[in-house]
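> sequence first, predicted coordinates after that:
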Amino acid sequence: MLVHGHGFALSRGVADHVRVELDVRGGLPAFSVIGLGGGAARDARERVHAALLNSGYALPRKRVTANLAPGVSARGAPAFDLVLACCVLASQDELDAGRLARVGLFAELGLGGDLRACEGVSAAAEAAGEVGLGGLIVARGDLAEARATRALPVVALSGLRAVVALLKQPPNANGRRGALADAGASAPRASSSGSARPSRTPARAPSTNGARGP
């Protein structure tokens, strides 16, 4: 089974859209991450595994291979733990793979499954809007900065289980009309080569008003 997700990497203050693919197939249990520099792949595997277990989930007892394109430096690796974990869960039908493929995720994932703020969330939000994603999921502390871009619908959540609950529901199934209610309605825009258009959006200076999401 092949699952798709979307993350964002900062490079010199610029946000790059990164497509995440995860393949699950039979074989000896293993979890490989391609596209993370240095020893970052090993560290990411350990963080994702711990976050899944502490949130009440588990890695499938199969061969799991994830690929990030374009590749990401070791410094930016923690921002991809959430999308990697969600791709794993989508492969097990814990959440809707179609909805996951149409939203961006930009938050660090703690070992306990909590979402943590990431530097450069405004640039990530603008990049997500540029490639045509239907919404962006961030940590609560980043809500005000992400929404200030007005680039696309943004929702802030506290942990992995909350992300799963949101992406498990079909659009509007729970009667909510808020952010991401219709995130399953459109797919990311693609270039003539068939891949989503790359985005390089400058990061904004951090907000100084101390605003936080509810």
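Yep, it's here. These numbers were taken from a predicted model, which means no experiment stands behind them.

> and stretch 131-150, how far from the chain's centre?
12 Å (Cα atoms, centre = their mean, to the nearest Å).

> the helices in this structure, which residues?
Applying DSSP state H to the chain gives helices spanning 40-54, 81-91, 97-100, 121-130, 143-148, 160-168.

> now do the first one and helix 81-91, the angle between them.
Between helix 40-54 and helix 81-91, the angle comes out at 60 degrees (axes from the mean of the first three to the mean of the last three Cα atoms, to 10 degrees).

> grab the longest strand from the chain for me.
strand 14-25 (DSSP state E).

> could you list the buried residues of that one?
15, 16, 17, 18, 19, 20, 21, 22, 23, 24 (16 or more other Cβ atoms under 10 Å). (C-beta placed from N, C-alpha, C; glycine too.)

> pull the number of nearby residues for the nearest residue to residue 68 once chain neighbours are set aside.
Excluding its sequence neighbours, the residue lying closest to residue 68 (Cβ to Cβ, 6 or more residues apart in numbering) is residue 35, at 3.2 Å. Here the count is done by other Cβ atoms under 10 Å, and residue 35 has 19 residues near it.

> from what I see, residue 35 and residue 76 are in contact.
No: using Cβ atoms under 8 Å, residue 35 is not in contact with residue 76, being 10.8 Å away.

> just curious, which of the buried residues of strand 14-25 is nearest to residue 144?
Comparing these against residue 144 with Cβ to Cβ places residue 15 closest, at 17.7 Å.

> buried residues in stretch 7-16?
Neighbour-count burial for stretch 7-16 flags 7, 8, 9, 10, 15, 16 (criterion: 16+ other Cβ under 10 Å).

> which residues does the first one contact?
When you say that, I think you mean residue 7. 18, 20, 68, 79, 80, 82, 83, 104, 105, 106 (Cβ atoms under 8 Å, 6 or more residues apart in numbering).

> any idea how far residue 156 is from it?
To residue 156, residue 7 is 17 Å away according to Cβ to Cβ, to the nearest Å.

> again with the fifth one
Between residue 15 and residue 156 the distance is 18 Å, computed by Cβ to Cβ.

> please apply the same query to the fourth one.
When Cβ to Cβ is the yardstick, residue 10 and residue 156 sit 19 Å from each other.

> coming back round to it: need the contacts of residue 7 in TSV (columns: distance to residue 116).
Formatted as TSV, the contacts of residue 7 follow (distance: Cβ to Cβ, whole Å):
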residue	distance to residue 116
18	19
20	19
68	20
79	10
80	13
82	9
83	14
104	16
105	13
106	11
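
> among these, which one lies nearest to residue 44?
Closest to residue 44, out of all of these and judged by Cβ to Cβ, is residue 80, at 6.7 Å.

> now the closest residue to that closest one other than its chain neighbours: how far from residue 75?
If the residues on either side of it in the chain are set aside, residue 80 comes closest to residue 7, at 4.8 Å by Cβ to Cβ, 6+ apart. Plainly put, residue 7 is 14 Å away from residue 75 if you go by Cβ to Cβ.
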